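In: Kindly generate the corresponding structure for this input.
(2 chains)
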Number of protein chains: 2
Amino acid sequence: MVTDGKTLVAAFAERLDLRDWSGFAELLAPDVLYELPQTRERIRGRDRYVTFNAEYPGDWHIDPQVVIGDDAHGALLFRWTLGGESSLAVAFFEHDGSMITKITDFWPEPYDPPPGREHLVERW
Amino acid sequence: MVTDGKTLVAAFAERLDLRDWSGFAELLAPDVLYELPQTRERIRGRDRYVTFNAEYPGDWHIDPQVVIGDDAHGALLFRWTLGGESSLAVAFFEHDGSMITKITDFWPEPYDPPPGREHLVERW
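Out: As a prediction, the model looks like this:
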């Protein structure tokens, strides 16, 4: 079955949020790579990556904000909530036309803005 | 001129890296919104956003890693270098078919991985 990046990314987010681990695994190539550049962590293979998500503690939820994809790539901007906390996170995807082959995941944390741009910027 | 998200995002990265401020401004709607969720900063309007970039200090460079877009959105994964430092950063885009109307920018910083997943993960 050939599909596009947008369909794969939307299904990724939905099945992850539902803890549909068998459906989630169907989206992943057997040798899928998962990388977290911020921590320089890498997980190799579908089984370990499904386990990583299934073991991730807490009643977390994923609410997609932007789902985008083409014939080779995809991107997801999502709101992550866990208990009373909420933040935006990002994932990029590579796929082979039927399964996801690579995921690059980012968890941007709040930081204080550098000085010097107050004349251009408002805060919220 | 109607264009797609991928073309707009590719031109955004190229003209920003070249400091081609007039060409850069042509890609932006007059009331473009620029948001940094990590610092809760917002810049309203093309003139201020061009100034923000033109005033950003240092000999920084942008090297696109993934450029993706559709008829309403776009996403950019890029390597940012400044002096000897280098990191990955992400931007999402909204556009109206000819100009960029919103940019949401993320600067994910390194952090230490939480314990409990060492059995699944390798480090690099």
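
In: Let's verify A:V50: helix, strand, or coil?
Out: Classification of A:V50 by DSSP: H, G, I helix; E, B strand; the rest coil places it in helix.

In: Neighbours of it, how many?
Out: Each residue near A:V50 was counted by other Cβ atoms under 10 Å in any protein chain shown, and the total is 18. Every residue, glycine included, has its C-beta placed from N, CA and C.

In: Next: A:F78.
Out: As a burial measure, the neighbour count of A:F78 was computed by other Cβ under 10 Å and equals 22.

In: That one bridge partners, please.
Out: A:P64, A:A89 (DSSP bridges).

In: who's in contact with it?
Out: Contacts for A:F78 (Cβ atoms under 8 Å, 6 or more residues apart in numbering or on different chains) come out as A:A13, A:I62, A:D63, A:P64, A:Q65, A:L88, A:A89, A:V90, A:A91.

In: Need the single longest helix in chain A, by residues.
Out: helix A:5-17 (DSSP state H).

In: Out of the contacts of A:F78, which is nearest to A:R79?
Out: Lowest distance from A:R79 to the contacts of A:F78 (Cβ to Cβ) belongs to A:D63, with 4.4 Å.

In: list the contacts for the closest one?
Out: For A:D63, the contacting residues are A:D17, A:F78, A:R79, A:W80, A:T81, by Cβ under 8 Å, 6+ apart.

In: Would you mind giving the secondary structure of the last one?
Out: To tie it back to what came earlier, the one meant is A:T81. Assignment for A:T81 (three-state DSSP): strand.

In: Excluding chain neighbours, give the residue nearest to it in space.
Out: With sequence-adjacent residues excluded and distances taken as Cβ to Cβ, 6 or more residues apart in numbering or on different chains, A:T81 is closest to A:H61, at 5.0 Å.

In: what about that neighbour, how many residues close to it?
Out: Close neighbours of A:H61, defined as other Cβ under 10 Å, add up to 14.

In: who touches the most centrally placed residue in chain A in this structure?
Out: Within chain A, the residue whose C-alpha comes closest to the C-alpha centroid is A:A91; the distance, by Cα atoms, centre = their mean, is 3.7 Å. For A:A91, the residues meeting the contact criterion (Cβ under 8 Å, 6+ apart) are A:V9, A:A75, A:L76, A:F78, A:I103, A:T104, A:D105, A:F106.
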